[in-house]
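Participant: A predicted structure for the sequence below; I have some questions about it.
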Amino acid sequence: MIAWTLPELTSSLREAFAAFLGLQPGQIDPDRSIKELGMDSLTAIELAVNIEDRLGVSLFVDDFSGDETIAGLAAAFVRDGAP
Amino acid sequence: MIVQVRAPSSAQELERVLGDPLSREAPISFSKLVAHDEREEAPSEAFEALRQWGVHAHLVPQALGGRLTSFEELLALVRVVSRRDLVLTTGLGSTMLAAIPVWAWGEGDQRRQLADMLLNAGAFGSFAASEREAGSDFQATATHADAVAGGYLLSGEKWLIGNASRSSFVVALVRTQPSLSLLFFRPDRLAASRWRRLPRIQTHGLRGHDMGGMVFERCPLPAEALLGRVGRGMEMTLTTLLYTRTMIGGMALGAADTALRLALRWARDRRLYGEPILAIPAVRALLLGSFLDILIAECIAIVTARALTLAPRRTSLWAAVTKYLVPLLSERVVQNVSVVLSARSYLREGIADGIFQKIARDISITSIFEGTQLVQLSLIAAQLGQSVRRMNRDDDPVDLDRLCDLGTPAPTWDYSRTALRIGNPGGDELVERWFGPESRPEDLGADARATGAIRALRDQAAALRSAMTTSNAMTDHSLARRHCILHAAACCIHLWRTNRDRLAKEPAEGEWLTLCLERLVGGGESAPCGADLTGPVCDWMLGQLDRNELFSIVPMELAR
């Protein structure tokens, strides 16, 4: 598995969210909640699939509240290897 | 030379082999089906007739030795069986539901094992997702598979599971670390002391269906039971449901066909006030409206079934629309028929050996299982919200003419690359094509009444677009319902326009299309009007009855 640094993973996740939502990475604020970014439970699953396939990072969790942020997810993954 | 579009030959052959269900001597007869229903037992000789014909091969992809090609063909087969008994298609449908994830995500050995069980033993399968406390909320799944050396220990209860007491293979949605996964296993290979099947659950309809449950208590499973990748259970489940939801459209259509057939025969034979009741304007309107509802429902289901291999990225939305609207329309057909049959609809004997009351009970399952109406509307609302928020268009637009070209069968399913998406359809090109800001109602080249109906629907679409941006589209189901109506209208228009040269004379003329569009303008409830259009469509409907054809824009001769 790739050892991610926090800035690398945050940047990659921003790119993945941006591609998914049809936005530029610069338009994705890593400190806004994923709900505010326009994700719902279905698109969260689809995006998680997308990110696992592209980046090898598994964001699959069963208790997404929608309040998570890209910065928070990236930090948890780098720290624990899981969100 | 243009060849007229016909039903797939496999469906025609199956129809012939199964015989006329009105005949008590047929391999599958209404008389025997009602008797089984009365005794709450499975119609075993009907399942055997299907097995002997080789119906299970149609659940196995061609590349694995079976005869499953496209879902368009499977839809036609589902209609043939469902016009006889939904218990049969529910048993086979649960099997298909469990088989799809094995084809799509299984390893070579898992796929081979399953192909062998279906092709050589005509096995039943169970898709064990639902639980007593979880309902529609898969994330609440409590059954858990704890990783141990060499595999898993499975614990928990699965409840409201199809084929629960007779399944030879099971695909179960279970909690693993860090998320839900699917496990594929054979009950006959489990430690008998660590699991049991629950007693049969009693139901309102489908009384011959094997509905039950399973309980596991630290039941050992090998590591090879895992299907696909760990943690991807939700993705696989939600994707699998897109196939089966579409096929449920075929189940509802099959049941509605039989109901309307019985009602039309009755309406011509039954004389009141000195003439057949078909001559009573209110009765005629109910029956003609039911015929239109079947045609609308058929157009929706055919488009989604073709889309599963021609426009897979759109089917997250379209399968939900199909699952919402086709059962709704088909159940309304059955309600209209019960009005026409009046007291006879309530009898467990008489017309066609009393099959109607069974259909009326059985069909209500179609709007419940595989996600209720509320679930479908939530899915539709969420996806419409997504497409409004998305700034860019999908870079892989759908070729609508190819999608709707019934002269070219839909391509064979590539099971190793489903290309389905879960919650992000990238728009509804059919609705945009006919009712979007750039659309031109006169493109259809139809009569003034049809063009007028398209203009009215176009206005409704504009109002819907504006409502989507101002209100909370995610939670407002009335917006989702309005989208479904527009999608249905667009399916009817585009199928007719693409195939009018290849359709039989009556559907090619297009009066039915005008009446269907006007019915949809009125939210799907308004009665057909204007003798210049209702006359020819009524003649076509009665012609299909007399020629013993399925009620359809694509004729199929029924068994005699």
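Facilitator: Thanks, I have the structure now.

Participant: where along chain A do the helices fall?
Facilitator: A:6-21, A:41-55, A:70-80 (DSSP state H).

Participant: What of the stretch 1-150 of chain B?
Facilitator: Taking DSSP state H, counting those that start in this stretch as the test, the helices found in the stretch 1-150 of chain B are B:9-18, B:30-38, B:44-53, B:71-82, B:86-105, B:108-121.

Participant: residues in contact with the helix or strand of chain A with the lowest mean pLDDT?
Facilitator: Lowest mean confidence among the helices and strands of chain A (mean pLDDT, DSSP states H and E): helix A:41-55, at a mean of 82. Outside helix A:41-55, the residues that touch it by Cβ atoms under 8 Å, 6 or more residues apart in numbering or on different chains are A:2, A:9, A:12-13, A:16-17, A:20, A:34, A:39, A:57-60, A:64, A:66, B:139, B:232, B:234-235, B:238, B:316, B:379, B:382-383, B:386, B:421-424. All C-beta spots, glycine's among them, are computed from the backbone N, C-alpha and C.

Participant: Give the closest residue to the residue of chain A found nearest chain B in space, chain neighbours not counted.
Facilitator: Nearest to chain B in chain A, going by Cβ to the nearest Cβ, is residue A:42, at a distance of 2.7 Å. Distance criterion Cβ to Cβ, 6 or more residues apart in numbering or on different chains; nearest residue to residue A:42, sequence neighbours excluded, is residue B:423 at 2.7 Å.

Participant: ok, the one you found - how many residues close by?
Facilitator: 20 (other Cβ atoms under 10 Å in any protein chain shown).

Participant: Backbone dihedrals for it, both of them.
Facilitator: phi -140, psi 30 (degrees, to the nearest 10).

Participant: cool, residue B:226 as well?
Facilitator: For residue B:226, the backbone dihedrals (degrees, to the nearest 10) come out as phi -60, psi 130.

Participant: so it sits right up against residue B:180, yeah?
Facilitator: No: using Cβ atoms under 8 Å, residue B:226 makes no contact with residue B:180, being 11.9 Å away.

Participant: ok, back up a step: what about the residue nearest to residue A:42, distance to residue B:382?
Facilitator: Distance of residue B:423 to residue B:382, given as Cβ to Cβ, to the nearest Å: 6 Å.

Participant: which residues do the two both contact?
Facilitator: Common neighbours of residue B:423 and residue B:382, counting by Cβ under 8 Å, 6+ apart, are A:40, A:42, A:43.

Participant: ok, and the most crowded of the residues you listed?
Facilitator: Most neighbours among the shared contacts of residue B:423 and residue B:382, by other Cβ under 10 Å: residue A:43, with 24 neighbours.

Participant: what's the closest non-adjacent residue to residue B:166?
Facilitator: Nearest non-adjacent residue to residue B:166, counting by Cβ to Cβ, 6+ apart: residue B:124, 4.9 Å away.

Participant: can you tell me which of the helices of chain A comes nearest to residue B:5?
Facilitator: With Cβ to Cβ as the measure, helix A:41-55 is the member of the helices of chain A nearest residue B:5 (35.3 Å).

Participant: thinking again about what came up before, got the phi and psi for the residue nearest to residue B:166?
Facilitator: Per-residue torsions, residue B:124: phi -90, psi 150 (degrees, to the nearest 10).

Participant: for residue B:549, same thing?
Facilitator: Phi and psi for residue B:549, reported as degrees, to the nearest 10, are phi -110, psi 150.

Participant: same thing with residue B:151?
Facilitator: The phi/psi pair for residue B:151 (degrees, to the nearest 10) is phi 170, psi -130.

Participant: how near is it to residue B:240?
Facilitator: On the measure of Cβ to Cβ, residue B:151 and residue B:240 end up 23 Å apart.

Participant: who touches residue B:140 in this structure?
Facilitator: Here residue B:140 is in contact with B:131, B:133, B:134 (Cβ under 8 Å, 6+ apart).

Participant: Return the closest of these with respect to chain A.
Facilitator: Closest to chain A out of the contacts of residue B:140 is residue B:134 (11.8 Å), distances taken as Cβ to the nearest Cβ.

Participant: how much space between the closest one and residue B:180?
Facilitator: Distance of residue B:134 to residue B:180, given as Cβ to Cβ: 11 Å.

Participant: These two: which is more packed in?
Facilitator: A count of neighbours by other Cβ under 10 Å puts residue B:180 above the other of residue B:134 and residue B:180, at 25 against 17.

Participant: Please, which helix or strand holds residue B:282?
Facilitator: Assigned by DSSP states H and E, residue B:282 falls within helix B:281-310.

Participant: got it, and residue B:266?
Facilitator: With elements taken from DSSP H and E, the one containing residue B:266 is helix B:233-269.

Participant: Within its sheet, name the partner strands of the following helix or strand past that helix and how each one runs.
Facilitator: Per DSSP H and E, the first helix or strand lying C-terminal to helix B:233-269 is strand B:271-272. In the sheet, strand B:271-272 lines up against strand B:275-276 (antiparallel) (DSSP bridges).

Participant: model confidence over the strand it pairs with, on average?
Facilitator: For strand B:275-276, mean pLDDT rounds to 95.

Participant: ditto for stretch B:73-82
Facilitator: In this model, stretch B:73-82 has an average pLDDT of 98.

Participant: Just the CA atoms from that stretch would do, formatted as CSV, please.
Facilitator: Extracted in CSV, the C-alpha atoms of stretch B:73-82 (Å, rounded to 0.1, in the frame of the first residue of the first chain):
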residue,chain,number,x,y,z
GLU,B,73,-34.8,-10.8,-23.9
LEU,B,74,-35.1,-11.8,-20.2
LEU,B,75,-37.9,-9.2,-19.8
ALA,B,76,-39.9,-10.9,-22.5
LEU,B,77,-39.4,-14.3,-20.8
VAL,B,78,-40.4,-12.8,-17.4
ARG,B,79,-43.7,-11.5,-19.0
VAL,B,80,-44.5,-14.9,-20.4
VAL,B,81,-44.1,-16.6,-17.1
SER,B,82,-45.7,-13.8,-15.0
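
Participant: From the rest of the structure, what touches it?
Facilitator: Stretch B:73-82 has contacts (Cβ under 8 Å, 6+ apart) with B:7-8, B:10-11, B:14-15, B:18, B:50, B:55, B:58, B:68, B:88-89, B:92-93, B:246-247, B:249-255, B:257, B:301-302, B:305, B:409-410, B:550, B:556.

Participant: Give me the pLDDT for the closest residue to chain A within the stretch 1-150 of chain B.
Facilitator: For the stretch 1-150 of chain B, the residue closest to chain A is residue B:139, as judged by Cβ to the nearest Cβ, at 5.4 Å. The model reports residue B:139 with a pLDDT of 87.

Participant: repeat for the one 10 residues further on
Facilitator: The predicted structure scores residue B:149 at 97 on the pLDDT scale.

Participant: That one: neighbouring residues, count only.
Facilitator: Using other Cβ under 10 Å, residue B:149 is surrounded by 5 other residues.

Participant: again with residue B:40
Facilitator: A count of nearby residues for residue B:40, using other Cβ under 10 Å, gives 13.

Participant: Now it. Nearest residue, chain neighbours left out?
Facilitator: Among residues not flanking residue B:40 along the chain, residue B:207 sits closest, at 4.5 Å (Cβ to Cβ, 6+ apart).

Participant: you'd agree the one you found is up against residue B:37?
Facilitator: Yes: assessed by Cβ under 8 Å, residue B:207 is found in contact with residue B:37 at 5.2 Å.
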